[in-house]
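[1] Provided below for reference: sequence and predicted model.
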Amino acid sequence: MSPQRIGVYPGSFDPVTNGHMDIISRAAKIFDKLIVAVALNVGKNPVFTLEERLAMVEGDVAGLSLNHIIEVTAFEGLLMDFAKEVGAGVVIRGLRAVSDFEYEFQMAGMNARLNPKVETAFLMASDRNHFISSRFVKEIGALGGDVSHFVSPKVAEKLVKRFSVNKAINKD
Ligand code: ADP
């Protein structure tokens with residue numbers, strides 16, 4: 001029997017967007033098992049807790065046809081250590097505009113030095129998701145805008161709740 005091809009798709013997913021979900025469903029077709037690794041990433045000062053981000057990704061993944069080969073899990077520390085721990089040979093990242101390239105290029109290079117056995121592979125964002133980012137989704141949500149084109153209904157609801165709570169707190 002040939003060994004399982006395991007891929008890891010890491011990210012902050014603060015929150016998960018239609019762009020992330022598109023990468024997840026496409027990557028799931030390439031591997032026997034895809035691990036979506038939600039980074040604790042305290043340095044990025046996330047709006048949602050790790051538990052909330054995990055729950056949102058799990059909720060969206062449950063709706064995918066290939067959900068049986070997808071595992072959603074938290075990770076902390078070095079991505080290359082995590083990849084080794086779970087037996088993954090490939091890290092998947094999404095590429096949007098040229099603006100993603102510089103950062104992703106550097107990270108792939110550094111990670112290759114840390115563990116040359118793990119490849120980084122990129123999937124291009126689909127044209128309809130090119131402009132979607134967690135950052136802009138949060139900004140639109142915070143300003144009371146409609147985020148329903150960019151995230152799932154469950155995530156949109158979470159964003160509305162989070163920012164209405166924040167507004168109430170700021171009023172006090
Ligand atoms: P990170 O904090 O690791 O950058 P993100 O959650 O912002 O985590 O993104 C995870 C990965 O998904 C990155 O490779 C990012 O480029 C990619 N990504 C984010 N949004 C999109 C999108 N709309 N289409 C395709 N890839 C995306």
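    Received, thanks.
[2] thinking Asn115 is in contact with Lys84, fair?
    Yes. When contacts are counted by C-beta atoms under 8 Å, Asn115 is listed as touching Lys84 (6.4 Å). For the C-beta atoms, the positions are set from N, CA and C on the backbone; glycine is no exception.
[3] which stretches of the chain form helices?
    18-27, 50-61, 79-86, 98-114, 134-142, 153-171 (DSSP state H).
[4] Show me what the first one packs onto, helices and strands only.
    Contacts defined by 3 or more C-beta pairs under 8 Å, 6 or more residues apart in numbering; DSSP states H and E place helix 18-27 against strand 6-11, strand 33-39, helix 50-61, strand 90-95, strand 119-124.
[5] how about these, which one is nearest Ile69?
    strand 33-39 (5.4 Å; C-beta to C-beta).
[6] Give me the contacts around that closest one.
    The set of residues external to strand 33-39 that reach it, using C-beta atoms under 8 Å, 6 or more residues apart in numbering, is 4-13, 24, 27-28, 50, 53-54, 57, 61, 66, 69-76, 79, 82, 86, 88, 92.
[7] Make a ChimeraX selection of the buried ones in these.
    In ChimeraX, a selection of the buried entries from the contacts of strand 33-39 looks like this (16 or more other C-beta atoms under 10 Å):
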select :6,7,8,9,10,11,12,13,24,27,28,50,53,54,57,61,69,70,71,72,75,79,82,86,88,92
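[8] hmm, back to that, make a markdown table from the helices of the chain and add mean pLDDT to it.
    Output for these, formatted as a markdown table (pLDDT from 0 to 100):
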| stretch | mean pLDDT |
| --- | --- |
| helix 18-27 | 98 |
| helix 50-61 | 98 |
| helix 79-86 | 96 |
| helix 98-114 | 93 |
| helix 134-142 | 96 |
| helix 153-171 | 83 |
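[9] mind giving me a markdown table with these and columns for distance to Leu34?
    Below are the helices of the chain laid out as a markdown table (distance: least, C-beta to C-beta, whole Å):
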| stretch | distance to Leu34 |
| --- | --- |
| helix 18-27 | 5 |
| helix 50-61 | 9 |
| helix 79-86 | 11 |
| helix 98-114 | 18 |
| helix 134-142 | 20 |
| helix 153-171 | 20 |
